[in-house]
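Enquirer: I'd like to go over a predicted model; first the sequence, then the structure.
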Amino acid sequence: EVQLVESGGGLVQPGRSLKLSCAASGFTFSNYGMHWIRQAPTKGLEWVASISPSGGSTYYRDSVKGRFTISRDNAKSTLYLQMDSLRSEDTATYYCATDGIDYWGQGVMVTVSS
Amino acid sequence: DVVLTQTPVSLLISLGGQASISCRSSQSLVHSNGNTYLHWYLQKPGQSPQLLIYQVSNRFSGIPDRFSGSGSGTDFTLKISRVEPEDLGVYYCLQRTHNPLTFGSGTKLEIK
């Protein structure tokens, strides 16, 4: 059974950093690209970043380029999202999802507020 | 970016009734490989989205045949027949033919 478990969320002040993790199990993690997708409170879904199976290629939405870094550790079957220079508009539930956007984690809440 | 326009914004359907949701794309979702990467999701209250239909018309594992998807090019439809209480939530379409992948704005299904 595919499982994705996010962690690392919380309350952080604007301009500070936070690192999210997504622990994967139930499939061969190193064979699949992965995504981070977010959802602001009471809003719709928004793709944030993607990474190739090897980690050699990464992609970001314009509003997070230069601030967020997606990475992975295939030995640990874990996906990461390093979020720097956080802004209030980054407040959202962050989900990790598999390459085909077929499996999602339960989500982790990030609140950026002073 | 590809814009997906979902209609209606909300639906009020009786138990046992039928619901139909439209997703229209600002450009064709046919990939250069011939596949069309238009998917449908249901987000139940307090839960993460779950995949219902992938590549227009294929039901994901465990999804009942009450859910069906159709369409081509820029025009797609999700139909839910014999609506049950557990079908309530917000339905989203997603395209991953073009980068960046984009979602529709959602359709909220409420049960009468």
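Expert: Received the coordinates, thanks.
Enquirer: Only C-alpha atoms from now on, for both contacts and neighbour counts.
Expert: OK.
Enquirer: Confirm for me that A:H35 is in contact with A:S52.
Expert: No. If you go by CA atoms under 8 Å, A:H35 and A:S52 don't touch, sitting 9.2 Å apart.
Enquirer: what about these two, which has more around it?
Expert: A:H35 (25 against 18; other CA atoms under 10 Å in any protein chain shown).
Enquirer: check contacts around the more buried one.
Expert: With contacts defined as CA atoms under 8 Å, 6 or more residues apart in numbering or on different chains, A:H35 is in contact with A:47-51, A:96-99, A:101.
Enquirer: try B:G104
Expert: A:44, B:3-6, B:23, B:92-94.
Enquirer: repeat for B:Q6
Expert: B:21-24, B:92-93, B:104-107.
Enquirer: May I ask which two of those are separated the most?
Expert: B:R24 and B:T107 (13.0 Å; CA to CA).
Enquirer: neighbours of the residue lying closest to A:D73 once chain neighbours are set aside, just the number please.
Expert: Take A:D73 and drop its neighbours on the chain: the residue closest to it by CA to CA, 6 or more residues apart in numbering or on different chains is A:L79, 6.5 Å away. Applying other CA under 10 Å, we find 27 residues neighbouring A:L79.
Enquirer: May I have the beta-bridge partners of A:L79?
Expert: A:L79 has these beta-bridge partners by DSSP bridges: A:C22, A:R72.
Enquirer: Might one say that it is in contact with A:R72?
Expert: Yes. A:L79 is within contact range of A:R72, at 4.4 Å (criterion: CA under 8 Å).
Enquirer: Which one of the contacts of B:G104 sits in the busiest neighbourhood?
Expert: Top of the contacts of B:G104 by neighbour number is B:C93, holding 31 neighbours under the definition other CA under 10 Å.
Enquirer: check contacts around the residue nearest to A:D73.
Expert: Taking CA under 8 Å, 6+ apart, one finds A:21-24, A:34, A:70-73 in contact with A:L79.
Enquirer: for these, which one is nearest B:R59?
Expert: Distances from B:R59 to the contacts of A:L79, taken by CA to CA, are shortest for A:M34, at 21.6 Å.
Enquirer: Pretty sure the closest one sits against A:G55.
Expert: No. A:M34 is not in contact with A:G55 according to CA under 8 Å; the separation is 9.5 Å.
Enquirer: before we move on, the earlier item: so how far is B:N33 from the residue nearest to A:D73?
Expert: Distance of A:L79 to B:N33, computed by CA to CA, to the nearest Å: 28 Å.
Enquirer: ditto for B:D87
Expert: In terms of CA to CA, B:D87 sits 33 Å off from B:N33.
Enquirer: A:Q39 now?
Expert: 30 Å.
Enquirer: for A:L20, same thing?
Expert: Counting by CA to CA, the gap from A:L20 to B:N33 is 34 Å.
Enquirer: Over to A:T58?
Expert: Relative to B:N33, and taking CA to CA, A:T58 is found at 22 Å.
Enquirer: Neighbour count for these two, which is higher?
Expert: A:T58 (17 against 7).
Enquirer: mind listing the strands for chain B?
Expert: B:4-7, B:10-13, B:19-25, B:38-43, B:50-54, B:58-59, B:67-72, B:75-80, B:89-95, B:102-103, B:107-111 (DSSP state E).
Enquirer: With mean pLDDT and distance to A:Q13 added, can I get those in JSON lines?
Expert: Output for these, formatted as JSON lines (pLDDT from 0 to 100; distance: least, CA to CA, whole Å):
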{"stretch": "strand B:4-7", "mean pLDDT": "98", "distance to A:Q13": "33"}
{"stretch": "strand B:10-13", "mean pLDDT": "96", "distance to A:Q13": "36"}
{"stretch": "strand B:19-25", "mean pLDDT": "98", "distance to A:Q13": "38"}
{"stretch": "strand B:38-43", "mean pLDDT": "98", "distance to A:Q13": "29"}
{"stretch": "strand B:50-54", "mean pLDDT": "98", "distance to A:Q13": "32"}
{"stretch": "strand B:58-59", "mean pLDDT": "98", "distance to A:Q13": "43"}
{"stretch": "strand B:67-72", "mean pLDDT": "98", "distance to A:Q13": "43"}
{"stretch": "strand B:75-80", "mean pLDDT": "98", "distance to A:Q13": "41"}
{"stretch": "strand B:89-95", "mean pLDDT": "98", "distance to A:Q13": "31"}
{"stretch": "strand B:102-103", "mean pLDDT": "98", "distance to A:Q13": "29"}
{"stretch": "strand B:107-111", "mean pLDDT": "96", "distance to A:Q13": "33"}
